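> Any chance you can model this:
(one chain, ligands or ions: 1)
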Amino acid sequence: MGQPTRYRKSDGSRVSGGKSDTELPTRLVTGGRRREWTGAVVNPPVWRASTHLYDSVADLRAGKANNEDGRFFYGRRGSPTQWALAEALTGMEPGAHGTMLFPSGVAAIACALLAVLRPGDELLMADSSYDPTRSYAEAFLGKWGVETRYYDPLVGAGIAELICDRTRAILMESPGSLTFEVQDVPAICAVAKERGIATLLDNTWAASYFFRAIEHGVDIAILAGTKYIVGHSDVMLGSVTTHEKYWTRVRRTAQQLGQIVSPDDAYLALRGLRTLDVRMRQHQDGGLAVARWLADQPQVARVLHPALPDCPGHECWRRDFSGAAGLFSFVLNGGDDAAVGALIDDLALFGIGYSWGGYESLALPVDPTPDRTATRWEAEGPLVRLNIGLEAPDDLIADLAKGLERYEKAACRK
Ligand SMILES: Cc1ncc(COP(=O)(O)O)c(C=O)c1O
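Just a heads-up that it's a prediction; the model follows:
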């Protein structure tokens with residue numbers, strides 16, 4: 001769907017500003033905007049198509065013999081709207097070869113794992129992985145003859161001791177879902193590379209913006225584009241961006257599984273991508289302001305934000321990331337479900353919902369306990385995850401301050 005190609009005018013010559021040696025903010029603006037895809041307008045239009053038409057029978061036959069991406073063939077192979085998005089996403093990961101698109105983040109994870117695993121193999125997965133990723137590994141891959149073992153997300157180079165003859169892939173997610181442990185991705189990848197094991201990273205939190213996965217040694221970088229790439233809470237999307245070594249396998253598997261993203265959704269995702277730079281900087285500033293304020297509140301025991309020293313793996317974040325997204329958690333000092341309800345239910349600016357990365361703030365009570373098998377989740381009280389949107393941080397803080405007062409009253413009543 002998205003072979004990497006340069007940004008060119010319709011006559012094939014390079015367009016200035018779209019070169020691969022430009023900075024990321026520039027690439028977010030120029031990526032995928034080839035003149036033959038956009039025509040005379042700024043954005044690649046929505047190309048809705050199942051049938052692609054040929055000029056002649058000879059043309060049809062030539063098309064069948066040519067297996068290249070980024071050319072008209074059949075609707076399932078996409079059209080310029082999807083190709084433009086795939087190309088722009090590839091451009092975000094220096095060293096990457098290409099990107100396949102999927103109808104959700106989970107579909108992207110599922111396909112990437114299927115592409116590198118065979119029955120009889122073993123998968124190592126971070127214990128702090130997103131819950132549906134674990135369910136997929138256990139329910140689907142398990143039936144298919146792949147065993148999954150979980151590792152402590154802080155294992156680093158110690159992963160070497162967990163690898164056995166059957167280990168074929170390591171799936172990282174950094175920071176971890178709900179608890180935000182930052183992994184030593186380069187150390188894990190170095191060990192895996194020596195043993196010929198594929199490394200996959202769910203890079204959704206950093207959005208390929210704050211962490212360049214392929215450059216840090218990852219073979220396959222996965223995004224739930226549903227979150228920050230789309231950024232407006234209105235599209236489901238996934239992407240798998242790979243190093244050249246894994247490109248053919250991932251591409252073939254995705255095509256065999258019939259994966260395709262609608263051109264309307266690809267269009268909206270491209271539109272989101274163009275403002276990713278300004279949004280991520282604002283999510284970072286807002287997230288840090290709220291996280292630092294929470295860390296000073298007596299009702300809060302700990303704030304799990306990768307940019308704050310209390311967060312496990314904070315040193316890896318400092319070394320490897322260029323910034324922090326707006327999603328983090330905090331642990332309350334005691335209290336029960338009713339007290340957490342008192343905090344969250346009447347927040348004026350925070351919605352209650354699962355998907356994150358949108359422009360609007362969210363608060364969610366979460367419990368990692370049932371999803372841990374290699375490590376134990378221990379905490380002073382309930383855990384709350386916040387998605388900090390693009391509202392003024394002072395307004396969010398004022399809202400949370402009232403919420404913490406309600407929580408305290410409810411907790412004291414017990
Ligand atoms: C870290 C992470 N990865 C993957 C996903 C799955 O994305 P989607 O909802 O698009 O399937 C999510 C969704 O919340 C997520 O938080």
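
> which of the residues in stretch 291-301 are buried?
A291, W293, L294, A295, Q297, Q299, V300, A301 (16 or more other C-beta atoms under 10 Å). Yep, even glycine has a C-beta here, placed from its N, CA and C like the rest.

> no no, stretch 47-57
Within stretch 47-57, the residues that count as buried by 16+ other C-beta under 10 Å are W47.

> from the middle of its chain, how far away would that stretch be?
Distance of stretch 47-57 from its chain centroid, counting by C-alpha atoms, centre = their mean, to the nearest Å, is 33 Å.

> Helix or strand next in line after the helix or strand that contains V240, which one?
V240 is part of strand 238-242 when elements are defined by DSSP states H and E. Counting by DSSP H and E, the next helix or strand C-terminal to strand 238-242 is helix 244-256.

> Quick check, H243 in contact with P94.
No. The criterion here is C-beta atoms under 8 Å, and H243 misses it with P94 at 11.0 Å.

> quick one, what contacts the closest residue to the ligand within the chain?
Sorted by distance to the ligand under C-beta to the nearest ligand atom, the residues of the chain start with G105, at 2.4 Å. Neighbouring residues of G105 by C-beta atoms under 8 Å, 6 or more residues apart in numbering: D202, T204, I222, L223, A224, G225, T226, K227, M236, L237, G238.

> Please repeat the previous calculation with a cut-off of 6 Å.
For G105, the contact set (C-beta atoms under 6 Å, 6 or more residues apart in numbering) comprises A224, T226, G238.

> now the first one, nearest residue through space, not along the chain?
Nearest residue to A224, sequence neighbours excluded (C-beta to C-beta, 6 or more residues apart in numbering): G105, at 2.5 Å.

> need the residues of this structure near the ligand, please.
The interface of the chain toward the ligand, taken as C-beta under 6 Å from any ligand atom, is made up of 104-106, 130, 173, 177, 202, 204, 224, 226, 236, 238, 355.

> Which parts of the stretch 101-250 of the chain are strands?
Secondary structure of the stretch 101-250 of the chain (DSSP state E, counting those that start in this stretch): strands located at 122-126, 147-151, 167-173, 198-202, 220-224, 238-242.

> Turn those into JSON lines, including distance to E138 and mean pLDDT.
Shown next, in JSON lines, are the strands of the stretch 101-250 of the chain (distance: least, C-beta to C-beta, whole Å; pLDDT from 0 to 100):
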{"stretch": "strand 122-126", "distance to E138": "10", "mean pLDDT": "98"}
{"stretch": "strand 147-151", "distance to E138": "6", "mean pLDDT": "98"}
{"stretch": "strand 167-173", "distance to E138": "13", "mean pLDDT": "98"}
{"stretch": "strand 198-202", "distance to E138": "17", "mean pLDDT": "99"}
{"stretch": "strand 220-224", "distance to E138": "18", "mean pLDDT": "99"}
{"stretch": "strand 238-242", "distance to E138": "20", "mean pLDDT": "98"}
